[in-house]
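> dropping the sequence and predicted coords here.
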Amino acid sequence: MDVLPVIIFLFFVGLVLGLSFYFARKAKTSSGYFAAGGKIHWSVNGIAFAGDYLSAASFLGICGMIATLGYDGFLYSIGYLAGWIVALFVVAEPMKRLGKYTFADALDARFSSRGVRLAAAISTLVVSLFYLIPQMVGAGVLVTPLFGLPHAAGVIMVGAIVIIIVATAGMTSTTYVQFLKGGLLIVFSSILVAVVLIRGLSTTPDQGGKEPFYEYQTLTVQGQGDQLSIQEGDYQVVSQHDYKGTAFVSLADADGQVSWWKAETDENGGTKLHETQYVSVKPDGREWINGAPASDENHLRQVGNLSTIAGQSGPEADTSGVGIFKFLSLISSEDSTINMWRKTSFEADGESLTIYYSEQTSGNKFMRPGLKFKVEGSFVERIDFVSLMLALFLGTAALPHILIRYYTVPDPASARKSTIVAIAAIGFFYILTLFMGLGAMANGVLNPADSNMSAPLLARSFGTLLFAIISAIAFATVLGTVSGLIVAASGAVAHDIMDMFLNIKMTDRQKVLAGRITAVGVGIIAIILGILFEGMNVSFLVGWAFAVAASANFPAIVMVLFWQKTTAQGVVASVFSGIIAALGIILLSPDMFVRYGLDPASAPLNFSQPGLVSIPISFMVLVVVSLATQKSKIPEATVAA
Amino acid sequence: MLHEPADTPAEKDYAIAYKTRLGVQMFIAYALFYAGFVLINIIKPVLMEKEVIFGLNLAVVYGFGLIILSLIMALIYNALCIKKEKALNGTSAQGKVE
C-alpha cells in the first residue's frame, strides 16, 4: 500500500468532513437543511450541479466502458449531456417558480393532492436508491487498489462519511462538497488528458517504462478435436472445452503449470491457440490466477493496447506526443487494430473458471456504436439502443437529486444561469471522457476483471501523485453524488410523506431531525445494495436509473407544465405506471438474469432498456386517467404560462 | 462564499410566456438534431465510420457537435431571455422576478 495516496485521500475526506461541520450551524431550519436557504450563487450552483451530476457513472463507468467497448461508452456522455438541454429549456425556471424543497412541490403546485405527494415521494426514493447502487459500487471499486481493502470496506466507508455529511449539514455542505469536487474533477481530468496526449500512442505500451509490455503468445497447432498436436514449445494438451461456440484448450508446460488458450481457426483452415489469462476457483474455494495461487504478487495482468496503429506496429508505430485530432484519427483508422478483452466463465475439470481473452477489432469499428449496443443487430437490439438514448435524453430533467438543486438559488433566472454553467462544465468533462477512456485502452492499464477502474489506473501509469489525486477525487465524486441523492430521499420522506402526506405536525427542528434520521436509514440501505451489486459497470446501472426517472417523473412534470387537462389522479397513475413498467422490464431483462445467476437466454424479455416502452406507457396513462377524471380537476392556479 | 440574499417576493415576470415558448422551440430543434444521430446509427451505422474533418469520423464529429451545440443554444437562449426580461420587466430579472 502506497502512503501518498492514503495521505491525499485522508486529506480530502478531512476537508469534506470539515466543510460539513462548518456548515452544520446553517442547517437548523428546514429551508437551510433541505435547500441551503435558497442563497447559493448561480455560478457556485452551476459547478455544484456538475459535482452532483458527474457521478461515479461518468468518471469511472463511462471511461471504463469506452476503454473496453469503444464509442458505445461515449454514447452515455452524449445522452447525459443532451439531457441538460431538456432541463434548461423545459423545467429549470418553472421548477424554481413552483417548488420549495422537493420536486413534489412543483408537481403538486396545481393540485394540493396527498396522492401526488405520495407518488412523487415514492418515485424519488426508488430513483434515488437505483442511482445510489452504482455510486456505492464505484466506492467499493476505488478502495481496493488504494488501501488493499475488500469491496465491502469501500462501500461501508463511503456510506459512513456521507451519512455524517448529510446528517450534520444537509444541502449547504452537500452543495460545497459538490462544488469542490466538480471543480477538481474537471481540472485534474484535463491534466490527465494532457499527459495522455503528450505520451502519445504505442503498440507496446509500457506505462512510461514502469511496466514491461507483456507479449501474449500464439501457438500453431496441427489437427483438430482430440487430435491436437502442438509444434512449438514443450506443451501437452490437458483438456478442451467448447463454451458458447468458442473453443478453449488447457495446456501443461514442462513444469506441469497449466495455462488456458483460446482456439481459433485461421483463414487456411489451420488452428491457432491464443494465450489467455484465467482465474480458477478450486473445489476447496481457493482462488488461483494464471496457474498459481492468487496473492498480492500474483494477480491478473493489466491489459489493453493497439496491435497496429495506422497499419504499423512495433517501434515504427510509436507516435510520441500527438494532438487531440491526431490521437482520435489514429485510433479511428481502419488500419489500426485494437486488442479488446472479453471474459467467459464455465466449469471445467472440477474447477470454476473465468477466462479473459483478447479479440481484435479495427479502429473504425471501435470508434462507432455497435460493440455494446447492436445497432446492426436484430430489430429488438436496435430498439434497445433507441430506448437507451431516449432514457438518457429525458432522464436528466427527471432526476430528483438534480431538480432539488433548483431550490438552492434565489430566483428563476439564477436557476437558468446555473444550468448553463452546468452545461459548459459537464459538456467539457464529457469530451474529456473520450480521451481518458481511449487513453486507458491504449496504455495497457485495464483490469480485465473490472472496467470501472480504468481512469484511476490510467492516472497511476503517470505516477503515484496523479493516481493519488485522481483516486481521491473519484472518491469525492462518489461522496458528492451520494450526498445529493440522500438529501433528495431525506426530503421526500420528511417533507413529502411525513409532513404533507401523513400531515404529522412537526416543528421546523423536528422536520430537520426527521430528515437526518432518514438520511441515516437511506445511507444504510445504500451500503447493503452497493455490496450486493459488486462488479457491474456503474454507467450501465445509472442508465437504468435514468430510465426509471424518465418513465416515472418526466411525463408528469411535462404534462403538469404544459397540459391544462392534467389531473392529480392522472399524475399519480402516470408516476406509478412509469415506475412499474420500467422496473418490471429491468427485472425481467437478460442483464438482470445474469445477476440472478441464471442463463440470460431464459429471460422472458430479450431487451434491457425499458425507456421506449415505459415512457410512452406513462404518458398514455396520464392522458387517459386525466381525461377520465376531469370532474375532479382543480382550477389552475400557479401553472407556468 | 458567494452567497446571495435569499429569495424574496418580487414583481411579476411578464416574460414567462415568451421564455416558455422559446424553450419549447429550442428543445424541439435540439431534439431533432439528437434524433438524427440516433437514426443514422440504426439505419446506416456504417456512415458513422466516414471521415468528416481532421481525420475524425462522423461518430466523433456528431457526438462532439451535440455537446458543443447544447452550450451554444443555451447561451443563445439565455441572451434572448435576458433581452425579453429587460424589455417587459425593465430589469434583467436576476433577483427581481418571481
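Looks like it came in fine. Numbers count the residues shown, from 1 in each chain, chains lettered A, B, ... in the order given.
> any low-confidence regions in the stretch 151-300 of chain A?
Scanning the stretch 151-300 of chain A for pLDDT under 70 picks out the ranges A:169, A:224-227.
> near chain B, which residues of it are found?
residue A:176 (C-beta under 8 Å from any C-beta of the partner chain). (Glycine included, C-beta is placed from N, CA and C.)
> what residue in the stretch 151-300 of chain A comes nearest to chain B?
For the stretch 151-300 of chain A, the residue closest to chain B is residue A:176, as judged by C-beta to the nearest C-beta, at 7.0 Å.
> measure how buried that residue is and give me the count.
The tally of other residues near residue A:176 (other C-beta atoms under 10 Å in any protein chain shown) stands at 23.
> mind listing the strands the lowest-mean-pLDDT helix or strand in chain B pairs with, and their directions?
In chain B, the helix or strand scored least confidently by mean pLDDT, DSSP states H and E is strand B:51-53, which has a mean of 90. Its sheet considered, strand B:51-53 pairs with strand B:56-57 (antiparallel) by DSSP bridges.
> state the mean pLDDT of stretch A:89-101.
Stretch A:89-101 carries an average pLDDT of 83.
> contacts for it?
A:30-31, A:34-35, A:103, A:105-106, A:109, A:397, A:403-404, A:406-407, A:409, A:411-416, A:419, A:491, A:495, A:557-558, A:561, A:638, A:640, B:16, B:19-20, B:23-24, B:26-27, B:30, B:77, B:98 (C-beta atoms under 8 Å, 6 or more residues apart in numbering or on different chains).
> which of these are buried, as a PyMOL select command?
The PyMOL command for the buried members of these (criterion: 16 or more other C-beta atoms under 10 Å in any protein chain shown) is given here:
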select buried, (chain A and resi 30+31+34+35+103+105+106+109+397+403+404+406+407+409+411+412+413+414+415+416+419+491+495+557+558+561+640) or (chain B and resi 16+19+20+23+26+27+30+77+98)
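> by proximity to chain B, which residue of chain A wins?
Closest point on chain A to chain B, by C-beta to the nearest C-beta, is residue A:329, at 2.7 Å.
> that residue reaches residue B:53, doesn't it?
No: if you go by C-beta atoms under 8 Å, residue A:329 and residue B:53 don't touch, sitting 9.8 Å apart.
> neighbour count for those two, which is higher?
residue A:329 (22 against 11).
> who's in contact with that one?
The contact partners of residue A:329, taken as C-beta under 8 Å, 6+ apart, are B:51, B:54-56.
> one more: residue A:625?
A:567, A:569-570, A:573-574.
> repeat the analysis, applying 10 Å as the threshold.
By C-beta atoms under 10 Å, 6 or more residues apart in numbering or on different chains, residue A:625 lies in contact with A:566-574, A:577.
> which one among the residues you listed gets closest to residue A:508?
Set against residue A:508, the nearest of the contacts of residue A:625 by C-beta to C-beta is residue A:568 (27.2 Å).
> distance of the closest one relative to residue A:627?
Applying C-beta to C-beta, to the nearest Å, the value for residue A:568 to residue A:627 is 14 Å.
> got it, and residue A:86?
25 Å.
> who has more neighbours out of these two?
Each of residue A:86 and residue A:627 has its neighbours counted (other C-beta under 10 Å); residue A:86 has more, 25 against 12.
> grab the nearest non-local neighbour of the more buried one.
residue A:397 (4.3 Å; C-beta to C-beta, 6 or more residues apart in numbering or on different chains).
> whichever helix or strand residue B:26 is part of near chain A at all?
If you go by DSSP states H and E, residue B:26 is part of helix B:16-43. Yes: counting by C-beta under 10 Å from any C-beta of the partner chain, contacts between helix B:16-43 and chain A involve B:16-31, B:33-35, B:37-43.
> what's the burial count for residue 82?
This is for chain A. Number of residues near residue A:82 (other C-beta under 10 Å) recorded here: 26.
> I was after chain B.
Other residues lying near residue B:82 total 18 when counted by other C-beta under 10 Å.
> and it, helix, strand or coil?
The local conformation at residue B:82, judged by DSSP: H, G, I helix; E, B strand; the rest coil, is helix.
> just the pLDDT for it.
Predicted confidence (pLDDT) for residue B:82: 92.
> looking at it, it is touching residue B:22, isn't it?
No: assessed by C-beta atoms under 10 Å, residue B:82 is found out of contact with residue B:22, at 11.8 Å.
> what touches both of these two?
Common contacts of residue B:82 and residue B:22, defined by C-beta under 10 Å, 6+ apart, comprise residue B:15.
> and the nearest residue in space to residue A:382 that is not next to it in sequence, what is it in contact with?
Nearest non-adjacent residue to residue A:382, counting by C-beta to C-beta, 6+ apart: residue B:42, 4.4 Å away. Listed by C-beta under 10 Å, 6+ apart, the contact set of residue B:42 reads A:369, A:373, A:375-377, A:379, A:381-383, A:385-386, A:389.
> could you do residue A:317 as well?
Going by C-beta under 10 Å, 6+ apart, residue A:317 touches A:201-204, A:306-311, A:330, A:336.
> so which of the residues you listed belong to strands?
Among those, the members falling in strands (DSSP state E) are A:306-308.
> residue A:219: which element?
Assessed by DSSP H and E, residue A:219 sits inside strand A:218-222.
> check which residues of that strand are buried.
Neighbour counts over strand A:218-222 (16+ other C-beta under 10 Å) mark A:219, A:221 as buried.
> and what of stretch A:503-512?
Residues A:511-512 are the ones in stretch A:503-512 that count as buried (16+ other C-beta under 10 Å).
> and that stretch, how far from the chain's centre?
Relative to its chain's centre, stretch A:503-512 lies at 36 Å (C-alpha atoms, centre = their mean, to the nearest Å).
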